[in-house]
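1. could you look at this predicted model? Sequence included:
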Amino acid sequence: MSDFLTFDPAWQEPALPLPEQTGELLRAFRRHGLASGHSDRTISAREYTIRRLLAADLDPLTSSADDLTEWLSTLRDSRTGELVTRSSKATYRAQVRAFFRWLHETGRRDDDPTSRLPRPRAQRGVPRPLSVAQVEQLLKACDDPRAAWTRAYVSLAAFAGLRVHEIAKIRGQDVRGGRLFVRGKGGHEALLPMHPLLVELAERMPDTGWWFPTSSQLGHVHRCSVSTAIKRAMDRAGVPGTPHALRHFYGTQVLKSSGGNLRTTQQAMRHVSIQSTAIYTLVDDAALTHAIGGIPAEPDAAEHP
């Protein structure tokens, strides 16, 4: 994604209790998501979006298409205060659509006002990987033994392309004969060859159980904790960008080391669509210059005797 959404966990449990009817709607929607096999990450993201609606004093049972259009047009980033990007609007629209479609299909509403919502076109993603030097800076910023987990987070993101929620739930038994088992977005599973740095990391981590355990209900660190730790290390190292840029680094380096093989890179990135892979990979300037410079300017004598 060119503009992935993060959310404040406080939105999951607002300070003021929800009206009983609205609270039951969200609980029923969560049960529906679980029964449909959606991941907790997907369900929580949808709940967050619905709570944003509620915070704007919009009643899901009575809001009109105009009300929802107005809400979507004025959405602002909770961190910067600026209007959200087209990509974020497209994501919010999809999440609201899922909720109101469910309300309509289950007889809780007679109509689906989101069927008439404007359809924002997602912006074309631009690769924004870190450089090799920046990744080295970032790892050096985690040299302190107290930052051992953060160094592991960075390594898993940069040398296996793991997303923060995938890093959070790595277990010792996921290491299988030099390969790493990953259950990613949409429940997709993969066995990835492990980079030598990760083989070394695995030797220092537990053989079974969570690599990053906590006493929380999840049993492992929250994805937001992983993201925050990496971002703080980036700030210490003076490296700009977001933690997701490490995944872009991984994709770009796999593309380069594979000789530009986009199909290999797609498998390494665990993408269903090769178009998604193109978003995460940056073609090396030297390779691009060489390719363009190789275009023949004159007819080949062999072709025209």
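-> Structure's in. What do you need?

2. in this structure, where is pLDDT below threshold?
-> The chain contains residues with pLDDT under 70 at 1-20, 122-127, 186, 280-305.

3. please, where are all the helices along it?
-> Listed in chain order, the helices of the chain (DSSP state H) span 20-35, 40-55, 65-73, 86-105, 132-140, 148-160, 164-168, 196-204, 223-237, 245-257, 262-269, 274-280, 285-293.

4. how about these, which one is nearest W211?
-> Closest to W211 of the helices of the chain, according to Cβ to Cβ: helix 148-160, at 7.1 Å. Glycine gets a C-beta too; all of them are placed from N, C-alpha and C.

5. so which elements touch that closest one?
-> Taking 3 or more Cβ pairs under 8 Å, 6 or more residues apart in numbering; DSSP states H and E as contact, the helices and strands that helix 148-160 lies on are helix 132-140, helix 164-168, helix 196-204, helix 223-237, helix 245-257.

6. do you know which of the ones you listed lies nearest R93?
-> Closest of the helices and strands packed on helix 148-160 to R93 is helix 164-168, at 22.5 Å (criterion: Cβ to Cβ).

7. hmm, back to that, now render the helices of the chain as a markdown table, adding distance to E189 and mean neighbour count.
-> Listed next are the helices of the chain as a markdown table, based on distance: least, Cβ to Cβ, whole Å; neighbours: other Cβ atoms under 10 Å:
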| stretch | distance to E189 | mean neighbour count |
| --- | --- | --- |
| helix 20-35 | 19 | 14 |
| helix 40-55 | 16 | 18 |
| helix 65-73 | 35 | 16 |
| helix 86-105 | 24 | 19 |
| helix 132-140 | 27 | 17 |
| helix 148-160 | 14 | 23 |
| helix 164-168 | 11 | 23 |
| helix 196-204 | 18 | 14 |
| helix 223-237 | 18 | 19 |
| helix 245-257 | 18 | 23 |
| helix 262-269 | 13 | 19 |
| helix 274-280 | 17 | 18 |
| helix 285-293 | 32 | 10 |
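
8. can I get these in JSON lines including distance to S216?
-> Formatted as JSON lines, the helices of the chain follow (distance: least, Cβ to Cβ, whole Å):
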{"stretch": "helix 20-35", "distance to S216": "19"}
{"stretch": "helix 40-55", "distance to S216": "13"}
{"stretch": "helix 65-73", "distance to S216": "33"}
{"stretch": "helix 86-105", "distance to S216": "25"}
{"stretch": "helix 132-140", "distance to S216": "26"}
{"stretch": "helix 148-160", "distance to S216": "15"}
{"stretch": "helix 164-168", "distance to S216": "11"}
{"stretch": "helix 196-204", "distance to S216": "23"}
{"stretch": "helix 223-237", "distance to S216": "9"}
{"stretch": "helix 245-257", "distance to S216": "24"}
{"stretch": "helix 262-269", "distance to S216": "29"}
{"stretch": "helix 274-280", "distance to S216": "30"}
{"stretch": "helix 285-293", "distance to S216": "44"}
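
9. which one of those helices lies closest to R183?
-> The stretch from the helices of the chain with the least distance to R183 (Cβ to Cβ) is helix 164-168; that distance is 7.5 Å.

10. CA atoms only: put the closest one into PDB for me.
-> Extracted in PDB, the C-alpha atoms of helix 164-168 (Å, rounded to 0.1, in the frame of the first residue of the first chain):
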ATOM      1  CA  VAL A 164       5.200  -5.200  11.600                       C
ATOM      2  CA  HIS A 165       2.200  -7.400  12.500                       C
ATOM      3  CA  GLU A 166       4.100 -10.400  11.100                       C
ATOM      4  CA  ILE A 167       7.200  -9.600  13.100                       C
ATOM      5  CA  ALA A 168       5.200  -9.400  16.300                       C
END
